[in-house]
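Enquirer: Quick check, what structure comes out for this input:
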Amino acid sequence: MFKKKNKLKLLRKTTSVKEDIIALEMSKDRVFVAQLSGSVNNWKLDRFDYTYFETEINFDDENSRKFASRVITGLLKRSNIKTKSVALCVPVSNAIIRTVQSPLMNDEELKQALKTNTLWENLLEIDNIKFEEYSVYHQVISRNTEANTMELLFVASKISEIEKIIQVAIEASLKPVVIDVKCFTYKNALDINQAPNNESEEISAVINIGSDENYLMIMQGNNQRITEIFATPEELSEFRANENSPSVSFSFIDRYCLQVEQVISEFNAQNKKMGKKSVSVIEVVSPINALPAIIANLSKHLPTCEIRVLNILDLIIIPEQHKTKLESLNNPSIAASVIGLATRKLDVYGYYKFIEAVKNVNLLPNREQLITETIRQKRFKLSFLLCFVFFIVSSSLYFKIHYDIHKDFSQINEKNSKILQTFEYKSKGLSELRKKQKDITYARETMEKVNSNQKQSYAILSTIQKSINSNLVIDEIHYSDLESVYIIGRAKTDNAIVQFMDKLRVDKNIVQVSIENMNNDDDSNIKNFTIRCITRIGE
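Expert: Numbers count the residues shown, from 1 in each chain. Take a look at the predicted model:
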């Protein structure tokens, strides 16, 4: 029994392994795909590929979305990716991200407050927003019992916008399981080989520069601050037009860097007042080839900060077949988002939740139903696996028993000739048994002359003797009192004992026959028994 329990525990462990997913990052002009194996300090890039769309994707247009799905299908086929579960991300511009303070509540009270949208309406000062149109993720960052307050991370994105990218994935025969926000994928990338610690005072700062989005994100533990870096439509077009030029000089970059300087200076000043650390390193993420020139300009504005390209490629194992593809990128920061998104394999459905809230964001609209369905499927698979194991074990036992029977039959057949040879010898013993029978008959006739109790006792003994069959041996007969006779013996089969008891019941002097004790010898398979007979003696 102990071994069986251990096997079941092992089976449960093997069926609750980490989910395999792929990360898919889509923008208007390109799509990246990545898949990781391993875990912290042992990440390996199993799959990586990207391609550009021939025409920019308009996610508001269904035909354009279907075109993107066909391109993605081809990309997955080219990369030999079989995994269907996919993690996707939405741009920061499609998300609302806030850290809000709330009255202190326990988990049950918070659950009740979230049943309606009034909690967010009271905590968030956002005009003209219908929360029922948004997919909302929240997580408690901290609780302050002394001040009777707590901090909540609020992340939301419009369901209609999320469904557009979900449709693209579904059209490509994928199953969306995680919807992250792109800025948080950079946090995952930054901490790819670090154990989560929401009490850490370390500060991470990432600036995203490009034609799609421009923002500065500063994170300290679970607290985050995201500030848009303003760029005019003409400046965004200049970024796009000169993205692949290694020596371009952007005329507006000084004004751009000045905005970054103002945000960093303001943040550092506030932290200094509170005795906290300042931003000392800024990681730059951008598809622009002329990134060194932009970094040099940022360094002039922020001389106390180290400005560098976000590069996590040295922190993971990269097979040779992927190195050429990665080297073809303008810079390594371009791959950071999709690789950071791919680490979410540790967090699918909340089985392996990270401690830090910003690493656990999932805006999938039907994620609760998906969790329930996934658990149901896992249970079904486990049941099927158990049935399969039972079938294998049963089949093995059947064939083993069949083999053993066949083997025993062959051995018995071989011995049959020897038994026949000994038949004559056994026949000689028959005459001795007949002699004993005559002696018993004589003794019975003699006992007829004794008193009634003795006569009844002898009759019972005679019945016992006559009831013995060839598969049963009597070792001991004794009386516990005048009315109880105990018969102790051995039998080859249960049926031999039953036949013996049935014959005992025929005797009119025996009122009741019952099994007092019976056990099985595992080595010889012999049945040891004790039978109690209640008699009329003494009545």
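Enquirer: any idea how far S457 is from S395?
Expert: Remark: distance between S457 and S395 (CB to CB, to the nearest Å) = 55 Å. In short, each C-beta sits where N, CA and C put it, glycine included.
Enquirer: between those two, which one's more packed in?
Expert: Between S457 and S395, counted using other CB atoms under 10 Å, S457 has the larger neighbour count: 19 against 10.
Enquirer: which other helices and strands contact the strand or helix carrying the more buried one?
Expert: In this structure, S457 sits in helix 452-467 according to DSSP states H and E. Where contact means 3 or more CB pairs under 8 Å, 6 or more residues apart in numbering; DSSP states H and E, helix 452-467 is packed against helix 423-447, strand 472-479, strand 484-491, helix 494-504, strand 527-535.
Enquirer: Kindly reformat those as JSON lines containing distance to I126, mean pLDDT and mean neighbour count.
Expert: Formatted as JSON lines, the helices and strands packed on helix 452-467 follow (distance: least, CB to CB, whole Å; pLDDT from 0 to 100; neighbours: other CB atoms under 10 Å):
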{"stretch": "helix 423-447", "distance to I126": "103", "mean pLDDT": "70", "mean neighbour count": "10"}
{"stretch": "strand 472-479", "distance to I126": "90", "mean pLDDT": "88", "mean neighbour count": "13"}
{"stretch": "strand 484-491", "distance to I126": "86", "mean pLDDT": "91", "mean neighbour count": "19"}
{"stretch": "helix 494-504", "distance to I126": "80", "mean pLDDT": "89", "mean neighbour count": "16"}
{"stretch": "strand 527-535", "distance to I126": "81", "mean pLDDT": "90", "mean neighbour count": "19"}
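Enquirer: so which of the ones you listed gets nearest L385?
Expert: helix 494-504 (36.1 Å; CB to CB).
Enquirer: quick one: the closest one to helix 452-467, angle?
Expert: Between the axes of helix 494-504 and helix 452-467, defined by axes from the mean of the first three to the mean of the last three CA atoms, to 10 degrees, the angle is 150 degrees.
Enquirer: Tell me which helix or strand comes right after helix 494-504.
Expert: Downstream of helix 494-504, the first helix or strand assigned by DSSP H and E is strand 510-520.
Enquirer: centre of the chain versus that following strand, how much separation?
Expert: Its chain's average C-alpha position is 53 Å from that of strand 510-520, according to CA atoms, centre = their mean, to the nearest Å.
Enquirer: Skipping adjacent residues, who's closest to S160 in space?
Expert: E133 (7.1 Å; CB to CB, 6 or more residues apart in numbering).
Enquirer: can you check E235 too?
Expert: Of all residues not flanking E235 in the chain, F252 sits nearest, at 5.1 Å (CB to CB, 6+ apart).
Enquirer: do E161 as well
Expert: E161 sits nearest to N94 (CB to CB, 6+ apart), 4.9 Å away.
Enquirer: so that neighbour makes contact with A156?
Expert: No - if you go by CB atoms under 8 Å, N94 and A156 don't touch, sitting 9.8 Å apart.
Enquirer: if you count what's nearby, which of those two comes out ahead?
Expert: Comparing N94 with A156 by other CB under 10 Å, the one with more neighbours is A156, at 23 against 19.
Enquirer: Among the helices and strands packed on helix 452-467, which comes closest to L124?
Expert: For L124, the closest of the helices and strands packed on helix 452-467 is helix 494-504, at 76.6 Å, according to CB to CB.
Enquirer: Now tell me what touches that closest one from outside.
Expert: 463-464, 466-469, 471-472, 491, 510, 513, 515, 518, 527, 529, 531, 533 (CB atoms under 8 Å, 6 or more residues apart in numbering).
Enquirer: and of the helices and strands packed on helix 452-467, who's closest to D20?
Expert: Comparing the helices and strands packed on helix 452-467 by CB to CB, helix 494-504 comes nearest, at 53.5 Å.
Enquirer: follow-up on the earlier one: please produce CSV containing the helices and strands packed on helix 452-467, extended by distance to F32.
Expert: Shown next, in CSV, are the helices and strands packed on helix 452-467 (distance: least, CB to CB, whole Å):
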stretch, distance to F32
helix 423-447, 88
strand 472-479, 81
strand 484-491, 77
helix 494-504, 71
strand 527-535, 73
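Enquirer: And these: which comes nearest N58?
Expert: With CB to CB as the criterion, N58 lies closest to helix 494-504 of the helices and strands packed on helix 452-467, at 80.6 Å.
Enquirer: I401 and A491, how far apart?
Expert: According to CB to CB, I401 and A491 sit 22 Å apart.
Enquirer: Could you tell me how far the nearest residue to N58 once chain neighbours are set aside is located from S211?
Expert: Excluding the flanking residues, the one nearest N58 by CB to CB, 6+ apart is S64, at 4.3 Å. From S64 across to S211, the span is 18 Å (CB to CB).
Enquirer: Give me the more crowded residue out of the two.
Expert: With neighbours defined as other CB under 10 Å, S64 and S211 compare such that S211 has more, 22 against 18.
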